[in-house]
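A.B. asks: The sequence and its predicted three-dimensional model are supplied below.
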Amino acid sequence: MLDKVDVLIIGSGASGAAVAWSLAETKMRIVCLEQGDWVKPTDYPTNGRDWEARQFSDFHPSPNRRARPSDYPVNDDNSPIKVLNFNAVGGSTILYAAHYPRLHPSDFKVKTLDGVADDWPIDYATLDPFFAENDRMMGVSGLAGDPAYPAKQPPMPPLGLGKSGTRFAKALNTLGWHWWPSDTTLTTTEYEGRAPCINLGHCTFGCAQGAKASTDITYWPQALRAGVELRTKCRVSRIETGPDGMATGVTYFDQDGVEQFQPAEMVILAANGIGTARLLLNSASERFPTGLANSSDQVGRNFMFHPYASIYGYVDEPLDGNRASPLCLWSHEHYETDLSRGFVRGYSYQLGRGVGAITEAITSTAAGRLPWGTDHHDTYRGLLNRRIVIAAICEDLPEAHNRITLDPVLKDSHGIPAPKVDYTMSENSHRMLDHAIARAKDILAAAGASNIGVDRPILFGGWHLLGTARMGDDPTRSVVNGWGRTHDVKNLFIVDGSLFTTSGGVNPTSTIQAIALYIADQIKQRLATLFD
Ligand SMILES: Cc1cc2nc3c(=O)[nH]c(=O)nc-3n(C[C@H](O)[C@H](O)[C@H](O)COP(=O)(O)OP(=O)(O)OC[C@H]3O[C@@H](n4cnc5c(N)ncnc54)[C@H](O)[C@@H]3O)c2cc1C
Ligand code: SF4
């Protein structure tokens, strides 16, 4: 049998890397098990001319389409939004767009403010120092002074707006609406050994320049130097428990496919909003018949995406196209509740540049904008690099029927049941999307765009996986307490997006990582009494 470790972390993505790095200073023996492997920067599509084609094959953001050995299938047939992720050292940060807003202070108290869902047991002020610590570790570029947020100071200056961003900024000024250069985790200067962004191209297929902060190049090198052990190609199947109901360790398949048991004093789940619920449910036992840490019946429930719409149009001059980071500014004009709009809570806009030549050809052909025939090439020239895109990201409120369960039939390559997603968009989300699309058309009109196209909800838009093991003070209505410990199992913690009580109306990763650092800090402060 393997030697017992102090801390066993499952998953090496955004949250797993942060918690591993933070706990490393305790000098405890820490092991992280990751089902994927290191990705070599030379393998990223951005190195080659076929970079766009590879988004439809080995770098597709859907694990079902990509189907690498490191992936597990997800049955998302019963969802209008498909699940996206990446399974490797660095997790989904390998593919993320590095758009890096924080949740707003209001997001932590929606019950108090708006009478919906639940308040979080923690607030923005509690997380503030951990946001700042995480910004330093990931390397955030941005501009201080955004009126949508309490004061913050990104360590690097913001990305340039480029031609597309400048056009959007002027349009938003015309409308008198909020906009600000995005916080991103792309370097704009030399930063901690990372070279600055050279506008190689779209960042969502990995950055060969190392300018985009995925956790394999930020947290992990430091965590490994501090003594954390990272075992790759190791897929966990179950968290095991003893007669006292405490976690004893995990069963996993090692890189040779051999089943192993790794004993541990403490287990930390960082497998993301779907992977974590899947593992808890698959860890059912005589003592925990409905799944581990599930006495509340909330594991897998309250699953939240962010319903997204893409609203785009074409202008009369070539802009940035696919050159440079896809996103460069945001608008939080419609973020807070205004019931006169017909829905509760709100949304934000991610505004950015265009798309590449292949995406333009495929999507415009499908939409009927680019017919075959004698005008084909002229029409295409009139579209290429002239598209400007707004993405609307809507707050998704938790609903118990939106849930992850174990598929009774589908299994991964190790025979572990695959997760099954049952998800419907609420009436509130539909009304919010209606509003967001109508106002985005106002922005496009002000920006001089025509030939407007809309995708709603974006089918392959399940970037954010949240809420399936939510945080709360009441053990009958939540899975983890206010510092990430499961109510039912005192040596089992969760640090990933599954613990979000509500989703907010922005991308979650900055907040996921700040919470992971906060939970690590709580563990360090409470070490002497952790399992009492
Ligand atoms: C294409 C794309 C674009 C995105 N863009 C943005 C963006 O611009 N801004 C933003 O804020 N967010 C973005 N996101 C979302 C962001 O990547 C996630 O919010 C974030 O990575 C989640 O962190 P996590 O730690 O919860 O999970 P992940 O980073 O997904 O890490 C989970 C890890 O756990 C491992 N794992 C799971 N199950 C097991 C198991 N049984 N055994 C061993 N290992 C396991 C996985 O292999 C994976 O490496 C994007 C995501 C995608 C896919
Ligand atoms: S735009 Fe910058 S960060 Fe994005 S892939 Fe290119 S070099 Fe990397």
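C.D. replies: That came in fine, so what should we check first? Since the model is a prediction, treat every value here as computed from it, not as a measurement. Numbers count the residues shown, from 1 in each chain. Ligands and ions are numbered 1, 2, ... in the order given.
A.B. asks: what about residue 426, how many neighbours?
C.D. replies: 16 (other CB atoms under 10 Å). Any C-beta I mention is one placed from the backbone N, CA and C, and that applies to glycine too.
A.B. asks: From residue 343, how far out is it?
C.D. replies: With distances taken as CB to CB, to the nearest Å, residue 426 is found 9 Å from residue 343.
A.B. asks: Quick check, pLDDT for residue 353.
C.D. replies: Residue 353 is assigned 87 on the pLDDT scale.
A.B. asks: Would you agree it is in contact with residue 165?
C.D. replies: Yes. Between residue 353 and residue 165 there is a contact under CB atoms under 8 Å: 7.5 Å.
A.B. asks: Mind listing the shared neighbours of those two?
C.D. replies: Taking CB atoms under 8 Å, 6 or more residues apart in numbering as the criterion, residue 353 and residue 165 both touch residue 328.
A.B. asks: how much space between the closest residue to residue 410 other than its chain neighbours and residue 114?
C.D. replies: Counting by CB to CB, 6 or more residues apart in numbering, residue 410 lies nearest to residue 418, which is 4.0 Å off, once chain neighbours are set aside. According to CB to CB, residue 418 and residue 114 sit 36 Å apart.
A.B. asks: Tell me which of the two has more neighbours.
C.D. replies: Taking neighbours as other CB under 10 Å, residue 418 and residue 114 compare with residue 418 leading, 19 against 15.
A.B. asks: Wait, a strand at that one?
C.D. replies: Yes. Residue 418: assigned to a strand according to DSSP: H, G, I helix; E, B strand; the rest coil.
A.B. asks: what about it, distance to residue 393?
C.D. replies: Residue 418 is 27 Å from residue 393, by CB to CB.
A.B. asks: Tell me the residues of the stretch 1-150 of the chain that contact ligand 1?
C.D. replies: 10-16, 33-36, 61, 84-88, 91-93, 95-99 (CB under 6 Å from any ligand atom).
A.B. asks: Return the subset of the residues you listed lying in strands.
C.D. replies: 10, 33 (DSSP state E).
A.B. asks: Any quick PyMOL command for the buried ones out of the residues of the stretch 1-150 of the chain next to ligand 1?
C.D. replies: Selection of buried members from those for PyMOL, criterion 16 or more other CB atoms under 10 Å:
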select buried, resi 10+11+12+13+14+15+16+33+34+35+36+61+84+85+86+87+88+91+92+93+95+96+97+98+99
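A.B. asks: Could you tell me which residues make contact with residue 505?
C.D. replies: Taking CB under 8 Å, 6+ apart as the test, what residue 505 contacts is 104, 107, 306, 335, 345-348, 393-395.
A.B. asks: Test my guess that residue 460 contacts residue 84.
C.D. replies: Yes. At 6.4 Å, residue 460 counts as touching residue 84 under the criterion of CB under 8 Å.
A.B. asks: Mind listing the shared neighbours of those two?
C.D. replies: 61-62.
A.B. asks: who's in contact with residue 191?
C.D. replies: Residue 191 neighbours (CB under 8 Å, 6+ apart): 139, 155-156.
A.B. asks: for residue 455, same thing?
C.D. replies: Counted by CB under 8 Å, 6+ apart, residue 455 has contacts 309-310.
A.B. asks: now do residue 253
C.D. replies: Counted by CB under 8 Å, 6+ apart, residue 253 has contacts 234-235, 237, 259-260, 414.
A.B. asks: Quick one, grab the pLDDT at residue 317.
C.D. replies: 95.
A.B. asks: Indicate the residue of the stretch 351-500 of the chain located nearest to ligand 2.
C.D. replies: In the stretch 351-500 of the chain, no residue comes nearer to ligand 2 than residue 353, which is 9.8 Å away by CB to the nearest ligand atom.
A.B. asks: Give me the phi and psi for that residue.
C.D. replies: With angles defined as degrees, to the nearest 10, residue 353 sits at phi -100, psi -160.
A.B. asks: so what's it up against?
C.D. replies: So residue 353 contacts 162, 164-165, 319-328, 388-389 (CB under 8 Å, 6+ apart).
A.B. asks: As a check, name the ranges of all helices in the protein.
C.D. replies: 14-24, 63-66, 110-114, 124-138, 162-175, 219-225, 272-282, 357-366, 376-383, 427-446, 509-525 (DSSP state H).
A.B. asks: if we compare those helices, which one ends up closest to residue 401?
C.D. replies: Nearest to residue 401 among the helices of the chain is helix 427-446; the distance by CB to CB comes to 13.5 Å.
A.B. asks: and the closest one, which residues are buried?
C.D. replies: 428-429, 432-433, 435-437, 439-441, 443-444, 446.
A.B. asks: out of the helices of the chain, deepest packed?
C.D. replies: Most buried of these, by mean neighbour count (mean count of other CB atoms under 10 Å): helix 14-24, with a mean of 29.
A.B. asks: between that one and helix 272-282, how many degrees?
C.D. replies: 80 degrees (axes from the mean of the first three to the mean of the last three CA atoms, to 10 degrees).
A.B. asks: which residue ranges form the strands in the stretch 351-500 of the chain?
C.D. replies: Ranges of strands in the stretch 351-500 of the chain, per DSSP state E, counting those that start in this stretch, are 387-394, 403-411, 417-422, 450-455, 492-494.
A.B. asks: Out of those strands, the one nearest residue 380 is which?
C.D. replies: Nearest to residue 380 among those is strand 387-394 (11.9 Å), distances taken as CB to CB.
A.B. asks: partner strands of that closest one, parallel or antiparallel?
C.D. replies: Take DSSP bridges as the rule and strand 387-394 pairs in its sheet with strand 308-314 (antiparallel), strand 347-352 (antiparallel).
A.B. asks: could you give me the average pLDDT of that strand?
C.D. replies: 96.
A.B. asks: does ligand 1 sit close to that strand?
C.D. replies: No. If you take CB under 6 Å from any ligand atom as the test, strand 387-394 misses ligand 1, and the best it gets is 9.6 Å.
A.B. asks: now that strand, how far from the chain's geometric center?
C.D. replies: 17 Å (CA atoms, centre = their mean, to the nearest Å).
A.B. asks: and what of stretch 102-115?
C.D. replies: For stretch 102-115, the distance to the chain centre is 20 Å (CA atoms, centre = their mean).
A.B. asks: go on, stretch 66-84?
C.D. replies: Centroid separation for stretch 66-84 versus its chain: 15 Å, with CA atoms, centre = their mean.
A.B. asks: Over to stretch 488-496?
C.D. replies: 20 Å.
A.B. asks: Residue of the stretch 51-200 of the chain nearest ligand 1, please.
C.D. replies: Counting by CB to the nearest ligand atom, the stretch 51-200 of the chain gets nearest ligand 1 through residue 91, at 2.5 Å.
A.B. asks: Between the two ends of stretch 146-154, how far is it?
C.D. replies: By CA to CA, to the nearest Å, the extent of stretch 146-154 from end to end equals 11 Å.
A.B. asks: In it, which residues are buried?
C.D. replies: Neighbour count says stretch 146-154 has 146, 148-149, 152, 154 buried, by 16+ other CB under 10 Å.
A.B. asks: what mean pLDDT does that stretch have?
C.D. replies: On average, stretch 146-154 scores 97.
A.B. asks: what does that stretch contact?
C.D. replies: In contact with stretch 146-154 (CB under 8 Å, 6+ apart) are residues 102, 104-105, 124, 128, 131-132, 135, 140-145, 178, 180, 183, 332, 335.
A.B. asks: Would you check how far apart the closest residue to residue 270 other than its chain neighbours and residue 102 are?
C.D. replies: What sits nearest to residue 270 in space, not counting adjacent residues and going by CB to CB, 6+ apart, is residue 16, at 3.2 Å. Going from residue 16 to residue 102 by CB to CB gives 20 Å.
A.B. asks: Surely the residue nearest to residue 410 touches residue 404?
C.D. replies: No. Counting by CB under 8 Å, residue 418 does not reach residue 404; the two are 10.3 Å apart.
A.B. asks: what sits in contact with each of those two?
C.D. replies: residue 278.
A.B. asks: For the chain, which residue gets nearest to ligand 1?
C.D. replies: Closest point on the chain to ligand 1, by CB to the nearest ligand atom, is residue 13, at 2.1 Å.
A.B. asks: Per-residue pLDDT of that residue, please?
C.D. replies: Looking at residue 13, its pLDDT reads 98.
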